[in-house]
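# model the structure of this input:
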Amino acid sequence: MATPDQKSPNVLLQNLCCRILGRSEADVAQQFQFAVRVIGSNFAPTVERDEFLVAEKIKKELIRQRREADAALFSELHRKLHSQGVLKNKWSILYLLLNLSEDPRKQANKVSSYASLFAQALPRDAHSTPYYYARPQTLPLNYQDRSTQAVPSLGSLGSSGISSISAGTVGGPGPGPQPLLPGQSHQGPAVGDCLRPQLGSRLAWTLTATQPSQTPGPKGIPGAVSRNTTRSRRDGDSSGTMEITEAALVRDILYVFQGIDGKNIKMSSTDNCYRVEGKANLNKSLRDTAVRLAELGWLHNKIRKYTDQRSMDRSFGLVGQSFCAALHQELKEYYRLLSVLHSQLQLEDDQGVNLGLESSLTLRRLLVWTYDPKIRLKTLAALVDHCQGRKGGELASAVHAYTKTGDPYMRSLVQHILSLVSHPVLSFLYRWIYDGELEDTYHEFFVASDPAVKTDRLWHDKYTLRKSMIPSFMTMDQSRKVLLIGKSINFLHQVCHDQTPTTKMIAVTKSAESPQDAADLFTDLENAFQGKIDAAYFETSKYLLDVLNKKYSLLDHMQAMRRYLLLGQGDFIRHLMDLLKPELVRPATTLYQHNLTGILETAVRATNAQFDSPEILRRLDVRLLEVSPGDTGWDVFSLDYHVDGPIATVFTRECMSHYLRVFNFLWRAKRMEYILTDIRKGHMCNAKLLRGMPEFSGVLHQCHILASEMVHFIHQMQYYITFEVLECSWDELWNRVQQAQDLDHIIAAHEAFLDTITSRCLLDSDSRVLLNQLRAVFDQIIELQNTQDAIYRAALEELQRRLQFEEKKQQREAEGQWGVTAAEEEEENRRVQEFQESIPKMCSQLRILTHFYQGIVQQFLVLLTTSSDESLRFLSFRLDFNEHYKAREPRLRVSLGSRGRRPSHT
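Numbers count the residues shown, from 1 in each chain. Got it, this is the predicted structure:
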């Protein structure tokens with residue numbers, strides 16, 4: 001069993017040196033003394049004491065050497081070591097292993113002494129600071145992990161890093177160590193293979209590389225350097241410049257923290273950063289540390305410049321001023337830290353505390369104290385850069401973008417700033433959704449108002465969304481609902497003249513009266529915030545729709561449009577045509593609107609339309625379109641429906657123009673049906689009268705065939721328009737109106753209904769060719785009516801003359817005279833001969849009319865078969881169900897399935 005002396009650190013260290021060098025205790029005395037000096041020193045590496053970070057560096061080095069198996073083995077061993085708790089300073093062991101694993105040949109030209117060798121073995125990260133998240137006020141001003149026993153001769157050297165410490169020793173001057181030979185090398189196993197031999201080879205190379213050329217110092221410490229050399233460098237160099245002390249740098253740094261230039265650290269206008277003056281005699285360690293600390297001053301200046309410029313700018317708005325106030329609040333906390341540091345420095349000056357004592361304020365301690373404020377200032381500076389040129393909701397979106405980070409410390413800071421910045425936005429929002437008031441002087445809110453818009457266009461044009469000002473923590477659906485809530489309140493007050501207080505429409509909940517309320521709201525955006533908006537939206541929209549339906553009869557007016565302007569009231573439309581026929585056959589210039597209005601009122605009183613509401617009948621009127629040369633009353637007559645007040649929001653001028661176009665089309669198609677009905681009546685009546693003229697039967701047969709073709713065409717078109725277009729579209733509209741949650745849904749459904757019937761009735765720009773062909777068919781029907789009337793008129797006149805001749809003949813025979821003379825009989829025969837000779841002309845005229853009609857219908861069918869609308873393609877099938885036109889037109893000899901098939905791209 002080992003004795004206590006054998007377990008002492010000195011004995012263990014001496015045994016380690018003997019084991020590494022493979023020599024006796026007497027031979028390793030010099031190296032043992034040097035090891036004792038190094039271990040007993042107060043040198044501390046300026047690196048992060050992060051065990052996980054060092055372990056990750058070791059694994060990355062193994063992976064870089066393509067030793068993945070060793071990296072996995074190391075990870076498993078480190079996990080077991082961390083779970084057992086045998087070692088207290090695991091970070092120190094891992095850090096030593098990491099540095100000993102480095103190839104010594106890479107640093108042979110850089111090592112000039114034992115001190116510099118160990119300084120390189122403990123590198124200082126110049127671009128990072130200790131990873132502490134504690135507040136500066138909770139950190140002490142001394143280090144608990146440093147040794148409290150300082151070497152007297154080294155007490156004045158400070159604690160700013162090993163690279164700033166002289167290579168002098170206690171024993172006075174002596175020959176310096178020889179530099180390491182570049183050609184020397186030492187091969188050793190890698191970390192993953194065997195850590196212990198590698199550690200030994202590293203230390204052995206360190207201790208033996210300079211042994212042959214060294215002379216022991218006064219106390220046996222190798223490589224001792226004279227203190228006089230160090231003193232001469234401190235007292236002054238050849239040019240007479242004095243070396244700057246760390247205490248002077250600390251004082252300068254505290255001024256730089258406030259954006260004030262110090263004696264030796266000043267702002268460089270060219271580089272836009274703080275720099276230590278080049279003529280200052282300062283070692284690299286202190287210079288780098290001072291530059292790192294001076295970054296806080298640069299960040300402070302950047303933030304302060306932004307706040308000073310924007311605080312005086314009134315056009316920056318309330319959101320911008322809130323952002324500046326949040327920055328001022330953070331700077332106030334920063335100034336509080338600076339006051340603590342100034343107090344500590346003043347206390348040291350009053351008590352005469354030296355820099356080397358543990359309670360003194362050093363650059364290293366400033367790094368620890370300012371680490372947390374530096375993170376905050378960096379975050380604020382990044383926000384300032386990102387928010388340049390932004391205001392209102394766009395500024396709130398820029399701040400909200402920085403909350404999407406995995407760093408909880410940064411996220412809490414930005415969320416605090418966001419609660420202050422978004423408070424004006426939420427105030428605008430709650431004022432808008434609960435009172436309908438918009439007080440946005442600097443155009444910061446995402447709802448914009450145009451005061452030039454009149455009341456009749458309030459819903460459509462007065463209020464709009466500024467998409468650039470919508471905060472990113474709000475969705476587009478939420479923004480649309482917010483717009484609709486305030487718009488509904490203003491619509492009720494200004495258009496519907498409903499002065500019901502909003503408290504009776506909406507259950508007003510607590511609003512964001514303070515930034516803390518806004519912060520609480522942001523913690524539950526998906527529930528609390530969404531719930532407030534949804535509740536206000538549903539209650540306001542429901543109240544508005546109830547007012548429109550009950551007080552202003554919106555749905556009744558919509559049904560009236562269907563019955564009168566879309567010809568849904570069949571008995572009324574038929575009776576109106578019967579009454580208007582004598583008037584509308586006259587030239588359009590001879591019509592008077594008051595006469596037509598009287599006929600309209602007569603038709604209303606004689607049909608079921610009389611049972612409609614007086615409010616609806618009062619709005620029904622007659623309208624005469626613009627007259628063109630040659631127009632008849634049929635071409636310019638139209639029904640009109642007057643809309644005003646709140647219902648004009650749904651039935652806008654654009655919508656009424658659509659209704660007018662559809663009515664004219666439907667009225668013209670209804671007139672064709674009316675004309676063909678009269679033609680069929682003429683056939684039935686005249687067929688019996690003209691039985692005594694057998695030579696006229698061929699003409700009657702041709703008229704009947706052509707009229708039958710036209711009746712079939714018009715009936716199919718009427719079926720398509722009435723059922724497939726109007727009824728289906730109306731049913732869809734009515735279902736959507738019943739399910740509408742707000743007025744916008746009703747307006748959108750109504751506009752979609754009008755667009756559908758406009759396009760499917762061939763009234764849109766894409767169907768212009770089809771509409772022209774259909775109008776040509778209608779013209780042929782009117783031409784048939786005129787031709788048939790002329791033929792029947794000639795035939796009836798001939799029949800009347802023949803009857804008169806026979807009656808005169810019988811009357812003379814009854815009087816005992818000759819019934820007819822030779823001259824009268826010859827004249828009668830000549831007249832009959834002339835009529836019989838005119839019959840072929842009539843037949844020819846009908847054949848020409850039939851040819852033109854069938855050609856137009858065939859062209860119309862070809863256009864239908866190539867239409868992209870499936871219902872139009874099926875209409876072509878019904879119009880030519882017996883393939884009558886297909887036999888005459890080769891382009892129609894394609895199956896219905898291939899007509900609508902898209903061409904393949906091969």
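# quick one: end-to-end length of stretch 430-446, please.
Taking Cα to Cα, to the nearest Å, stretch 430-446 runs 13 Å from one end to the other.
# average model confidence for it?
Here stretch 430-446 scores 90 as its mean pLDDT.
# what's the answer for stretch 505-514, then?
For stretch 505-514, the mean per-residue pLDDT is 63.
# again with stretch 743-751
Stretch 743-751 carries an average pLDDT of 96.
# can you check stretch 320-339 too?
Across stretch 320-339, pLDDT averages out at 92.
# so how far is Gly486 from the closest residue to Gln329 other than its chain neighbours?
Among residues not flanking Gln329 along the chain, Leu420 sits closest, at 7.7 Å (Cβ to Cβ, 6 or more residues apart in numbering). (Glycine included, C-beta is placed from N, CA and C.) Distance, Leu420 to Gly486, using Cβ to Cβ, to the nearest Å: 24 Å.
# over to Val832?
Val832 sits 87 Å away from Gly486, going by Cβ to Cβ.
# after the lengthiest helix in the chain, which helix or strand is next?
What stands out as the longest helix in the chain, according to DSSP state H, is helix 768-814. Sequence-wise, the next helix or strand downstream of helix 768-814 (DSSP states H and E) is helix 822-865.
# tell me how far that following helix is from the chain's mean position?
Between the centre of helix 822-865 and the centre of its chain there are 70 Å (Cα atoms, centre = their mean, to the nearest Å).
# residue furthest from the geometric center of this protein?
Gly816 (107.6 Å; Cα atoms, centre = their mean).
# and the most centrally placed residue in the chain, what does it touch?
What sits nearest the mean C-alpha location of the chain, by Cα atoms, centre = their mean, is Met476, with 7.4 Å. The contact partners of Met476, by Cβ atoms under 8 Å, 6 or more residues apart in numbering, come to Ile470.
# any idea how far it is from Phe446?
In this view, Met476 and Phe446 are 10 Å apart by Cβ to Cβ.
# next one: Val399
Val399 sits 15 Å away from Phe446, going by Cβ to Cβ.
# equivalent analysis for Ser541, please.
Ser541 is 19 Å from Phe446, where distance means Cβ to Cβ.
# what about the two, which has more around it?
The residue with more neighbours, out of Ser541 and Phe446, is Phe446; 26 against 21, by other Cβ atoms under 10 Å.
# re the thing from before, out of Val832 and Gly486, which sits in the busier spot?
The neighbour comparison of Val832 against Gly486 (other Cβ under 10 Å) goes to Gly486, with 23 against 16.
# now the helix or strand that contains the more buried one: buried residues?
Under the criterion of DSSP H and E, Gly486 resides in helix 476-494. Neighbour-count burial for helix 476-494 flags 478-479, 481-492 (criterion: 16 or more other Cβ atoms under 10 Å).
# now tabulate those in TSV and tack on pLDDT and distance to Leu429.
Listed next are the buried residues of helix 476-494 as TSV, based on pLDDT from 0 to 100; distance: Cβ to Cβ, whole Å:
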residue	pLDDT	distance to Leu429
Gln478	92	10
Ser479	94	10
Lys481	94	11
Val482	95	6
Leu483	95	11
Leu484	95	13
Ile485	95	10
Gly486	94	9
Lys487	95	14
Ser488	94	15
Ile489	94	13
Asn490	94	15
Phe491	95	19
Leu492	94	19
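# quick check, nearest of those residues to Ser412?
Among the buried residues of helix 476-494, Gln478 lies closest to Ser412 (Cβ to Cβ), at 24.8 Å.
# my read: Lys670 touches Ile573, true?
Yes: counting by Cβ atoms under 8 Å, Ile573 is a contact partner of Lys670 at 6.5 Å.
# what sits in contact with each of these two?
Leu567.
# how close does Pro629 get to Arg586?
Distance from Pro629 to Arg586, by Cβ to Cβ: 15 Å.
# looking at the two, which is more packed in?
A count of neighbours by other Cβ under 10 Å puts Arg586 above the other of Pro629 and Arg586, at 12 against 7.
# ok, now which ones touch the more buried one?
Contacts of Arg586 by Cβ under 8 Å, 6+ apart are 632-633.
# same thing but at 6 Å, please
By Cβ atoms under 6 Å, 6 or more residues apart in numbering, the contact set of Arg586 is Gly633.
# pLDDT at it, what is it?
At Arg586, pLDDT is 92.
# just Lys374 next, same as before
Lys374 is assigned 93 on the pLDDT scale.
# now it: closest residue in space, sequence neighbours ignored.
Here the residue nearest Lys374, using Cβ to Cβ, 6+ apart, is Leu296, at 5.6 Å.
# do I have it right that that neighbour meets Gln258?
No: the pair Leu296 / Gln258 is not scored as a contact, 9.6 Å apart, by Cβ atoms under 6 Å.
# show me which of those two is the more surrounded one.
Using other Cβ under 10 Å as the criterion, Leu296 and Gln258 rank with Leu296 on top: 24 against 15.
# extract the C-alpha set from the helix or strand Phe52 falls within and format it as CSV.
For Phe52, the element it lies in under DSSP H and E is helix 51-64. What follows is helix 51-64, C-alpha atoms only, in CSV (Å, rounded to 0.1, in the frame of the first residue of the first chain):
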residue,chain,number,x,y,z
GLU,A,51,-16.5,20.7,-21.5
PHE,A,52,-18.9,20.0,-24.3
LEU,A,53,-17.2,22.4,-26.7
VAL,A,54,-13.8,20.8,-26.1
ALA,A,55,-15.2,17.3,-26.6
GLU,A,56,-16.8,18.4,-29.9
LYS,A,57,-13.4,19.8,-31.0
ILE,A,58,-11.7,16.5,-30.3
LYS,A,59,-14.4,14.5,-32.2
LYS,A,60,-14.2,16.9,-35.2
GLU,A,61,-10.4,16.5,-35.3
LEU,A,62,-10.8,12.7,-35.3
ILE,A,63,-13.4,12.9,-38.1
ARG,A,64,-11.1,15.3,-40.0
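# off-centre distance for that helix?
Distance, stretch centre to chain centre, for helix 51-64: 41 Å (Cα atoms, centre = their mean).
# quick one: contacts of it?
Residues from elsewhere that reach helix 51-64, judged by Cβ under 6 Å, 6+ apart: 70-71, 78, 90-91, 94-95, 98, 192.
# could you do stretch 600-607 as well?
571-572, 575-576, 579, 610, 622.
# which ones among the residues you listed are found in helices?
Those of the contacts of stretch 600-607 mapping onto helices are 571-572, 575-576, 579, per DSSP H.
# among the residues you listed, which ones are buried?
Applying 16+ other Cβ under 10 Å to the ones in helices among the contacts of stretch 600-607 flags 572, 575-576, 579 as buried.
# just the element for Lys266, please.
In this assignment (DSSP H and E), Lys266 forms part of strand 265-268.
# could you pull out the buried residues of the helix holding Phe52?
Buried, per 16+ other Cβ under 10 Å, within helix 51-64: 51, 54-55, 58-59, 61-62.
# same check on stretch 603-623?
603-604, 607, 609, 612, 616-617, 619-620, 622.
# do me a favour and get the end-to-end distance for that stretch?
End-to-end distance for stretch 603-623: 16 Å, by Cα to Cα.
# same thing with stretch 560-576?
Distance across stretch 560-576, first residue to last, is 16 Å (Cα to Cα).
# what's that stretch in contact with?
603, 606-609, 616, 620, 639, 641, 659, 663, 666, 726, 730.
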